[in-house]
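Enquirer: A structural model of the following input is requested.
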Amino acid sequence: MNAEDEDIGWADINKPVYFGLCGLFFFGFETLTYPVDFLKTRQQHAQHPLTHTSIVKSVVRSEGVKGLFRGYATSVSGSLPGQLLYFASYEVVKTMYEEVFPFAKSSVSHQFVANLCGGFVADCATLLLQTPFDVVSQRAVVSPSHNPNDVLSLSHVKLSKQKGIEDCIVDLVRVC
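Expert: The predicted model follows:
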């Protein structure tokens, strides 16, 4: 049995099971690590240095433990499809490269380039999908209250809460 017989490619994978397991593991990872991201964002946004402990105490006292997950649903709404897009586009680009350059499977340098191209395209596609969700999630994290009329202060930029996609685009254009 040689190395080629053991290689499992994109065509050999049961895609519904693959995507289901990827989504499940990613969802679990995101759930476990989100409070740390919440604390990091709060700490970066603070006007004066705060410790993680003081942030946790303040949030739990005012909102309960669920306060540590403010913005979580929005984050997962972008991250989960983003990760699925990453895995799919990575494999598709890598497979396309190997079809264009059939000798790529036997050459280590061509395998490296195929992986590099796949990773580059997959990362770009994922970032395009995830960034708007990440912005909304971070706004929720630094939001001082649940009042929909509040203006969120993100460093030196004032961004009003949007009433729809048009308001979001107008704010993004105005800020850029």
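Enquirer: Check whether Pro132 really touches Gly78, as I assumed.
Expert: Yes. Under the criterion of Cβ atoms under 8 Å, Pro132 makes contact with Gly78 at 7.0 Å. For the C-beta atoms, the positions are set from N, CA and C on the backbone; glycine is no exception.
Enquirer: what about those two, which has more around it?
Expert: Ranked by neighbour count (other Cβ atoms under 10 Å), Pro132 and Gly78 place Gly78 first, with 19 against 15.
Enquirer: Contacts for stretch 12-20 next, please.
Expert: 84, 87-88 (Cβ atoms under 8 Å, 6 or more residues apart in numbering).
Enquirer: Could I get the full set of strands for the protein?
Expert: Per DSSP state E, the chain carries strands over the ranges 151-154, 157-160.
Enquirer: Would you mind checking which of these scores lowest on average pLDDT?
Expert: Taking the mean pLDDT of each of those, the lowest value is held by strand 151-154, a mean of 38.
Enquirer: how distant is stretch 59-72 from the center of its chain?
Expert: Computed by Cα atoms, centre = their mean, to the nearest Å, the chain-centroid distance of stretch 59-72 equals 21 Å.
Enquirer: and the end-to-end length of it?
Expert: Start-to-end span of stretch 59-72 (Cα to Cα, to the nearest Å) is 15 Å.
Enquirer: coming back round to it: would you mind checking the contacts of stretch 12-20 for buried ones?
Expert: 84, 87-88 (16 or more other Cβ atoms under 10 Å).
Enquirer: Sitting in helices, which of the residues you listed do you find?
Expert: Mapping those onto helices (DSSP state H) picks out 84, 87-88.
Enquirer: can you put these in JSON lines and add distance to Phe26 and pLDDT?
Expert: Shown next, in JSON lines, are those (distance: Cβ to Cβ, whole Å; pLDDT from 0 to 100):
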{"residue": "Leu84", "distance to Phe26": "8", "pLDDT": "82"}
{"residue": "Phe87", "distance to Phe26": "10", "pLDDT": "84"}
{"residue": "Ala88", "distance to Phe26": "13", "pLDDT": "87"}
